[in-house]
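*Asks:* Provided below for reference: sequence and predicted model.
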Amino acid sequence: MIPDLGKYGFEVVSAYAVSIVLLLAIIGLSWRQSVKQRRALETAEARRHG
Amino acid sequence: MIALLLRDLRLATRAGGGFGLGLVFFLIVVVLVPFGVGPETAILSKIASGILWVAALLAALLSLDRIFALDFEDGALTLIATAPIPLEAVGLAKATAHWLTTGLPLTIAAPVLGVLLQLPANGYSFVALTLLLGTPALSMIGTFGAALTVGIRRGGLLLSLLVLPLYIPTLIFGAEAARRGTAGLDATTPLLMLAGITAGSIALLPFATAAVLRINLR
Amino acid sequence: MSLWEYANPKKFMGWTGPVLPWAFGAAGVCLAVGLFWGFFLTPDDYRQGSTVKIIYLHVPSALMAINAWMMMLVASLIWLVRRHHVSALAAKAAAPVGITMTLIALMTGAIWGQPMWGTYWAWDPRLTSFLILFLFYLGYMALWAAIDDPDTAADLTSVLCIVGSVFALLSRYAVNFWNQGLHQGASLSLDKEENVSDVFFFPLLVCIAGFVLLFVALVLLRTRTEIRARRLRALQLREVRT
Amino acid sequence: MLKVRDIAVERSGVPVLSGVSFDLAAGHALILRGPNGIGKTTLLRTLAGLQEPTNGTCEFPVDQAAYASHADGIKTALTVRENLSFWADVYGNTVPDVIWDWFDLGDLRDRFAGTLSAGQKRRVGLARLGVISRKVLFLDEPTVSLDGFSVKLFSSFMRDHHLAHGGVAVIATHIDLGLGEAQTLDLTPFAAQDDGPSDSDEAFL
C-alpha cells in the first residue's frame, strides 16, 4: 500500500512531516492558551461571586 | 507648518541634533562592505548600486524614531496637536525635515562614496537619480511608522520591524533602476514605479500618520 | 436583530460554543481524507515524480496565508468603522494562524522546489512574496504585543493592517518584476485551462476545504480566548476601582 | 463664551467624570479643584479636543482655544527667543516686546533653554500663552515648580492681560492664584460611579 516515492521520497515525507508538526503546534498552542484563559476567568469569576 | 519644518531643521543642525547620524552610518556600511566582500573590482562594481541603496535605506531607518519621540517626551507634540496646524501637515513637515536632514545628504553622499565600491562610470547619475526619487518615500513611510510607535517605550526595534516590509517595494524598484542604469539597460519602468510609490506615499500617508497620531495622543 | 447583533461578545460566545467542536471535526475529516487520498491514491507526476504530492500542503497553506491576511484586513476595517470588539479580536486571533500557514507554504515550497532548483531557496518570486508576508505578520503581531490599552492596540494594528495590505500588494508585483521566477504555473486557475489534471484536482479541493475549516475553527477558538482575556481584564479593572 | 453641558470623560477606557456642566462668561476664570486622579487633566484634554468626550457637549470658539500643561514643550537646544518665535509663527503672530517684562525673561532672551532653571523654563512655557494670544485657555497645573514671585507674575498676566481683554481660562491647580473673582468647581461630586464600566469594557461584562 505504501506508494514507492521514488527518488524524492525524502522530500515528500519531510514536507508532510514539517507541515503536520507546524499544524499540530498552532492547534496545541491555541488549545493550551484557551484552557489557561478559561481557568483564569473561572477563578476570577468565582472570587467575584464567592 | 513651515515654522515646524524650520524648527526641526534648526534642532537637527544644533549640537546633538542627529544631523550627521544617517550620513556616518552610511559611510560605515559602505566602507565595511569591501572588507567583507573582498576588494575585487569585478564583484564590487556589480553590487555597488545595490549596496549603496541598502546602506541608504538602513541609514534612513536608523534615524526614524527621533522624529516624534523627542517631541512626545517633552510635551511639544501635545501642544502642536492643539495648535492650528492640521496633524496631516505636521506629518508632512516631519517627513520633509527627516528627508532634508537624512534623505538628501545620502543622495549627495552616495555617488561620492560610490568610488569606494568601484561604481561604473554611468552608475553615478543613476544612483543619485534613484535615491533622489526613492528617499522621500523612505522618509514618508518612516514618519508613518514613527507615529505608529511613538507611544511605545523602546519602540525603536519595533519601528524597524514594522517599516522594513513597507520599504521593500521602494528598495526593489530603486536598486533595480540603479542596476539597470549602471549596466546601460533601459531603466524607465523601475524608475516610473519608484516615482509612483513615492508620489503615492506622499499623497496618502500623511492622513494615516495623522490618524495614528490622534490615536496615540488620546 | 441585525447581523451585527451576532458580533456582540456575549452572543458570539454563545453561538460559537456549540459550533466549535463541529468545525474542528469537519476540518479533521477533510484533512484526513484529502491528505490520505492525495498521498496514497494519486499516481506520480510524469515530470516531477512523487514531489507533486507536496501540492496538497503547499497550495492550500499558501491560499490560507493570503486569505488570512485579507480576513484580518476586513476585520480591521469593521473595527475602525463600527467599533466592534469581536472583529478586532478576531483579527488579532487570526494572525498567529496566518503566520503558521505562511511558514508551511514557505517550507513546503522550498522543499518542493529543491529537486528542480538544486537548492532549497532560489529567491523565486512567489516564495519571496510569502517571505515578505511573513514579515508583515511578524510586525502586526509585535505591534499587538507592544501596546497595553486594548482599544488603542486595536486601532493602531488596524491602521497598520490597512497600510500594510497596500504595500504587500506593491511588494507582490515588485518581486515579480525583480526576478522572472521559476515557480510552477498556477495549479488552480479559473480562466486558463492549464489546470492540474483531474486526478490531482479533487483531493486538492478536499485539502483546501480542510485547511479553510481548520483556519475557521482555530480563529473561533482563539477569538473566544481573546474575549475571555478581555473579560478578565475588565473584571480586574472593576475590582481595582471598587 | 464657554458652555459645557453634561460632559463625561474616560481615561484609557475607564470612565472618570460624568455630568460636568458649567458656563464661563468672557473675562472670567474657573479653577478646577479635586483630589489627584479625579480627572482634572482628562477633562482639560477633552475640552482642548485631544480626546472625545463619552457624552455631553462643549461650545466655544474652537479657533480661539489653546492648551498648556506642565510639560511645556520647550526645546532645550533652542534659545528662549527661538522657542517663543516658533510658537508665534505657528499661531500666526509675532513675539510682542512686552512679553519679556510680563514674565521677567528680559535677560534670558538669548540663553539656551537647556541652561535655564526649572522655574525659568516654566516661565518660558507660560510666556508661550502670552505669545499665542488665544482667548480660551485650558491650563493643567501651570504653576507647578514655580516660585512665589513667578506665581504673582503669572496671576498678574492672567488678570491684566488675559481676563481683562475678555479672555476665558479653565485652570487645574492646587496653588491659590490670587485671581480673587475666579469661580471654583470641585469635581469630586462628578466622579463617575465606581461600578460603571467604560463602554468598551461594558461589552465584555
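*Replies:* Good, I have the coordinates.
*Asks:* Please enumerate the helices of chain D.
*Replies:* If DSSP state H is used as the criterion, the helices of chain D fall at D:40-47, D:80-90, D:99-102, D:118-132, D:148-156, D:199-202.
*Asks:* Check what pLDDT the residue sitting nearest the centre point of chain D gets.
*Replies:* In chain D, the centroid-proximal residue (CA atoms, centre = their mean) is D:Leu139; its distance is 1.0 Å. D:Leu139 carries a pLDDT value of 90.
*Asks:* And it, how far from D:Glu10?
*Replies:* 22 Å (CB to CB, to the nearest Å). All C-beta spots, glycine's among them, are computed from the backbone N, C-alpha and C.
*Asks:* do the same with C:Pro150
*Replies:* Applying CB to CB to C:Pro150 and D:Glu10 gives a distance of 13 Å.
*Asks:* just D:Val170 next, same as before
*Replies:* From D:Val170 to D:Glu10 the distance is 19 Å (CB to CB).
*Asks:* Same question for C:Ala153.
*Replies:* For C:Ala153 relative to D:Glu10 (CB to CB), the value is 17 Å.
*Asks:* what does C:Met107 give?
*Replies:* The value you get for C:Met107 to D:Glu10, if CB to CB is used, is 46 Å.
*Asks:* next one: B:Leu77
*Replies:* 21 Å.
*Asks:* what does B:Ala147 give?
*Replies:* 23 Å.
*Asks:* if you count what's nearby, which of these two comes out ahead?
*Replies:* Using other CB atoms under 10 Å in any protein chain shown as the criterion, B:Ala147 and D:Glu10 rank with B:Ala147 on top: 33 against 23.
*Asks:* Just confirm the more buried one contacts B:Arg214, I think it does.
*Replies:* No. Judged on CB atoms under 8 Å, B:Ala147 makes no contact with B:Arg214 at a distance of 9.6 Å.
*Asks:* Please enumerate the helices of chain B.
*Replies:* B:2-13, B:21-37, B:41-62, B:66-73, B:76-81, B:87-98, B:104-114, B:123-148, B:156-182, B:188-216.
*Asks:* for the helix or strand hosting A:Leu23, packing partners?
*Replies:* Take DSSP states H and E as the rule and A:Leu23 turns out to sit in helix A:9-49. Contact partners of helix A:9-49 among helices and strands, from 3 or more CB pairs under 8 Å, 6 or more residues apart in numbering or on different chains; DSSP states H and E: helix C:55-82, helix C:85-117, helix C:198-241.
*Asks:* Output the lowest mean pLDDT helix or strand found in chain D.
*Replies:* helix D:199-202 (a mean of 70; mean pLDDT, DSSP states H and E).
*Asks:* does chain A sit close to that helix?
*Replies:* No. Using CB under 8 Å from any CB of the partner chain, helix D:199-202 never reaches chain A; the gap is at least 13.8 Å.
*Asks:* Please name whichever of the helices of chain B is nearest to C:Ala209.
*Replies:* Of all the helices of chain B, it is helix B:156-182 that lies closest to C:Ala209, at 30.5 Å by CB to CB.
*Asks:* Quick check: mean pLDDT of the closest one?
*Replies:* On average, helix B:156-182 scores 93.
*Asks:* Buried residues, that helix. List them.
*Replies:* B:156, B:158-182 (16 or more other CB atoms under 10 Å in any protein chain shown).
*Asks:* picking that back up, if you average pLDDT over each of the helices and strands packed on helix A:9-49, which comes out lowest?
*Replies:* helix C:198-241 (a mean of 89).
*Asks:* and the direction of it versus that of helix C:55-82, what angle?
*Replies:* Orientation check (axes from the mean of the first three to the mean of the last three CA atoms, to 10 degrees): helix C:198-241 against helix C:55-82 gives 40 degrees.
*Asks:* who in chain B is up against chain D?
*Replies:* Counting by CB under 8 Å from any CB, chain B sits next to chain D at B:2-4, B:6-7, B:10-11, B:14-17, B:71, B:74-85, B:217-218.
*Asks:* Please, a ChimeraX command that selects the buried ones among the residues you listed?
*Replies:* Command for ChimeraX that selects the buried part of these, burial taken from 16+ other CB under 10 Å:
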select /B:3,4,7,10,11,14,17,71,75,76,77,78,79,80,81,82,83,85,217,218
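*Asks:* shaky segments in chain D?
*Replies:* Of all residues in chain D, those with pLDDT under 70 make up the ranges D:180, D:193-199.
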